[in-house]
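coords below, sequence missing:
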């Protein structure tokens, strides 16, 4: 069995490979020819569906499982994850109120909107999602079960593919170039190896934090979905399309999480 630095390097490397799945999915942005209002609403809603399913199946449920392992009590595990979720939503709300930003479609909001790109709250939520996933991979390797760590990294990497496409298309929809959209989406995935390094090298700290960080990331993502994406995609004439696109994105991500998680 491998020990010490070998496990740390393996955990960080495996989480890096998993994070690259985001870049692989983001390559799809180069095959989108043009974005009409109809297609824009459909793709943004599908992105919301992917994020919604990831919040439940990649973050909240694993967070509760980690909490049960640590506390031995289901209700306490749910309470911990719930507190983390509220903290994540509040953190995004505070950023939403105090940082200059713009909504996806409805325009500027907050002080000095020209100082900040309108997409960074969205990017922040996705990065928060990827960091605890990387932690989970690192913790898996630090436990000494290399096979389990590899399987977890492979599953997360495959799950990251639709997430990368969702991020890149969302960036394209608000005016970023295809190259910029791909590059930023790739960077959100590269947060994962930092989580993997932290999880594999500081497992004594990372493991107790898992329920909190997973809940926090889920809360941030749910805030963005409810406060930004869904209202914006229902302002126009394609509400029904947006609804079913969200459901389709949810089903795709649910299938990947349930079969590969």
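Yep, that arrived. Every value quoted in this text rests on a predicted model; they were computed, and no experiment measured them.

rest of the way, CA atoms for contacts and neighbours
OK.

quick one, what contacts the residue nearest to residue 59 when sequence neighbours are not counted?
Sequence neighbours aside, residue 214 is the residue nearest to residue 59 in space, at 5.0 Å (criterion: C-alpha to C-alpha, 6 or more residues apart in numbering). By C-alpha atoms under 8 Å, 6 or more residues apart in numbering, residue 214 lies in contact with 59, 60, 62, 63, 81, 84, 129, 132.

Just name the closest of those to residue 168, please.
residue 129 (15.7 Å; C-alpha to C-alpha).

List phi and psi for that closest one.
phi -70, psi -40 (degrees, to the nearest 10).

That one: how many residues sit nearby?
29 (other C-alpha atoms under 10 Å).

Setting aside sequence neighbours, what's the nearest residue to residue 130?
Spatial nearest neighbour of residue 130, chain neighbours left out: residue 192 (5.2 Å); criterion: C-alpha to C-alpha, 6+ apart.

okay but that neighbour is in contact with residue 133, surely?
Yes: with contact defined as C-alpha atoms under 8 Å, residue 192 counts as touching residue 133 (6.7 Å).

any idea how far the residue nearest to residue 130 lies from residue 206?
From residue 192 across to residue 206, the span is 14 Å (C-alpha to C-alpha, to the nearest Å).

so what's in contact with those two at the same time?
Counting by C-alpha under 8 Å, 6+ apart, the residues touching both residue 192 and residue 206 are residue 135.

Look up how far residue 61 lies from residue 179.
34 Å.

Residue 175 in helix, strand or coil?
coil (DSSP: H, G, I helix; E, B strand; the rest coil).

Tell me how many other residues surround it.
Residue 175 has 12 nearby residues by other C-alpha under 10 Å.

returning to what we had before: and the contacts of residue 214, which is closest to residue 164?
residue 129 (12.1 Å).

which stretches of the protein form strands?
101-102, 108-109 (DSSP state E).

Averaged pLDDT, the last one. What do you get?
Mean pLDDT, computed over strand 108-109, is 49.

Check the first one too.
Per-residue pLDDT values over strand 101-102 give a mean of 50.

go on, stretch 23-35?
On average, stretch 23-35 scores 84.

Neighbour-wise, which one of the contacts of residue 214 leads?
Result: residue 132 is most packed of the contacts of residue 214 (other C-alpha under 10 Å), 31 neighbours.

Can you tell me how far it is from residue 174?
Distance from residue 132 to residue 174, by C-alpha to C-alpha: 27 Å.

And for the nearest residue to residue 258 once chain neighbours are set aside, the neighbour number?
Using C-alpha to C-alpha, 6+ apart and skipping residues adjacent in sequence, the residue nearest residue 258 is residue 57, 7.4 Å away. Residue 57 has 20 neighbours, counted by other C-alpha under 10 Å.

so residue 57 makes contact with residue 259?
No: counting by C-alpha under 8 Å, residue 57 does not reach residue 259; the two are 10.8 Å apart.

And residue 192 and residue 206? Which one has more around it.
A side-by-side neighbour count of residue 192 and residue 206, using other C-alpha under 10 Å, places residue 192 first with 33 against 21.

Who are the contact partners of the more buried one?
For residue 192, the contacting residues are 15, 16, 18, 19, 130, 131, 132, 133, 134, 135, by C-alpha under 8 Å, 6+ apart.

redo that, cut-off 6 Å
Listed by C-alpha atoms under 6 Å, 6 or more residues apart in numbering, the contact partners of residue 192 are 15, 19, 130, 131, 134.

Going along the chain, name the helices of the chain.
With DSSP state H applied, the chain shows helices at 5-26, 37-54, 61-71, 74-98, 120-142, 146-173, 178-189, 192-201, 203-224, 230-233, 239-260, listed in chain order.

Now tell me what touches the fourth one from outside.
Counting by C-alpha under 6 Å, 6+ apart, the neighbours of helix 74-98 from elsewhere in the structure are 64, 67, 68, 211, 212, 215, 216, 218, 219, 220, 223.
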